[in-house]
Every structure is written in structure tokens, then in C-alpha cells.
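Engineer: Turn this into a model:
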Amino acid sequence: MSLKLYYDSMSPPCRALYILLKTSKCNFEPKLVDMGKGHQLRPEYGAINRFKKIPAIDHNGFILMESVAITKYLAREKMIPKTLYSEDSKAQARVDEYLAWQHVGLKLPSILFFMTTFINPLMTGKSPDPKQVDSYKQKVINALEEIDRLWLGYNKFVTGDTINVADLFAAVDLEQLKLPEFNFDPAADFPNIAKWWPKVREHFNPCYEEAHVVLHKVIKSNASKVNKNTQ
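Structural biologist: Residues are numbered from 1 along each chain as shown. Have a look, this model is predicted:
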């Protein structure tokens, strides 16, 4: 069996797949695609993923993109445990329900906030509109409130009383919000997230911490820069 994962550990869905494969003791080859250096735009990667985005997998010549589609494929190929993505139709539907919600529920407001506060000013040299920043920040807060109250407020984990891939995808997304450019600490402000998050880390460790080494270094480095600029 030959499985290659094209990833960058600064990407939450890439981290989720890396952790999932490592935890499942799946024999795979991690292939770093450094987005910061534009490696995803190179022609050789375009031959792997015509959309030039990550993550992607190559499984014995079968190439697939999009993290959710990849997760479902890995489950059908029995490359990840049933406990993380059940074969039961209703249990699957609950996981799929969260994975569908996350794209608009959490990822979209997070991306818009990040683009407005960091990327656009970096590209244009112009300060962001404070009203727009506040609007997108509130949307991120609303998303965190929904995770805390509507997802975790009814269950021990995201979709029920057992941990699965929905929890992993949720957890890695929340880790991203610790970047100084976001300046959110979901565990500090939302009690259900605070109780749930350590359980996810513990379940997927040591792979969870391994996958977040680069992100944690960037968070620490960027925080130091922010502190210097505000002194």
C-alpha cells in the first residue's frame, strides 16, 4: 500500500488528517507543501491537485483532495478505526452534520476575520476598517458560542458521548484561533470548550502535539513581535 499526504502543518485540515493517519498507525508518506513559500503553486504540485490547494492524498495513484472527502475515503478503505468514523448510518450522519456545519459555521467567519485584520492590510498597506473588524470578530465569537452551547452543550463530545473525527476537526480549528492575529482563547471564555478540549488532545496524543509544533512556534514568535510593537 502506498499513501502520500500532501500537507502543511499551518493548515488545520492538514493537521487533522496528519493526526488521524498517525493515530490510526497508517503507513503513509507525509509530503510537505510549504504554503508560505508558495509550493502549492508549483506546476509539479498542480499535477497532483489541479486546484493547487492542500491537503491532498495519493493512494496508489488515486488522487483525492478536500479533507472531509479524504476522511470519508479513508474510513471506507478501512484505514482509520470505526470508533473515529462509525459504519453506522445515523452515527455517520451526525459526524457529517458537524463537518458540513464547520465550513460556514466556523471556518468562513475565521477566514474573513483573518483576511480583514491581517492579510488585506499586509497586501495593501492600508489599515483595516474598525467596523468591519468588529463585525467579523463578532461572527467568530458567535461561532464559538454555537460550538460551546449548541454542539458541546448537549453532549460530552461534538456529536455524542464518544470521541470521533468531528472532535478532531473542531479542535485543530480552535488551535488556529490562538494566533495573535486572531487573539482568541476559546478555552478561557467558553466553559464547555474548556472541559472538552483537553480530552481531545489527550485522546490523540502524542500525535496531536507533534502536529502542532510548528503552529505553536509561530504563535510564540508572532506574540513576541506583537509585544515588541506595542511597547
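Engineer: Number of residues surrounding residue 162?
Structural biologist: Residue neighbour count, defined by other C-beta atoms under 10 Å, stands at 13 for residue 162. The C-beta positions use only the backbone N, C-alpha and C, and glycine is treated the same way.
Engineer: Same check on the one 5 residues further on?
Structural biologist: The criterion is other C-beta under 10 Å. On that basis, residue 167 has 25 neighbouring residues.
Engineer: Provide a list of residues in contact with it.
Structural biologist: 157, 158, 159, 196, 200, 203 (C-beta atoms under 8 Å, 6 or more residues apart in numbering).
Engineer: you'd agree residue 167 is in a strand?
Structural biologist: No: if the criterion is DSSP: H, G, I helix; E, B strand; the rest coil, then residue 167 is helix and not within a strand.
Engineer: Residue 219 versus that one, what's the distance?
Structural biologist: For residue 167, the distance to residue 219 equals 21 Å [C-beta to C-beta, to the nearest Å].
Engineer: three-state assignment of residue 157?
Structural biologist: Going by three-state DSSP, the secondary structure assigned to residue 157 is coil.
Engineer: quick one: contacts for it?
Structural biologist: Residue 157 is in contact with 163, 164, 166, 167, 196, 199, 200, counting by C-beta under 8 Å, 6+ apart.
Engineer: got a pLDDT number for it?
Structural biologist: pLDDT, the model's per-residue confidence, is 98 for residue 157.
Engineer: and it, how far is that from residue 197?
Structural biologist: If you go by C-beta to C-beta, the gap between residue 157 and residue 197 works out to 11 Å.
Engineer: what ranges of the protein fall below the confidence cut-off?
Structural biologist: Within the chain, the stretches with pLDDT under 70 are 1, 223-231.
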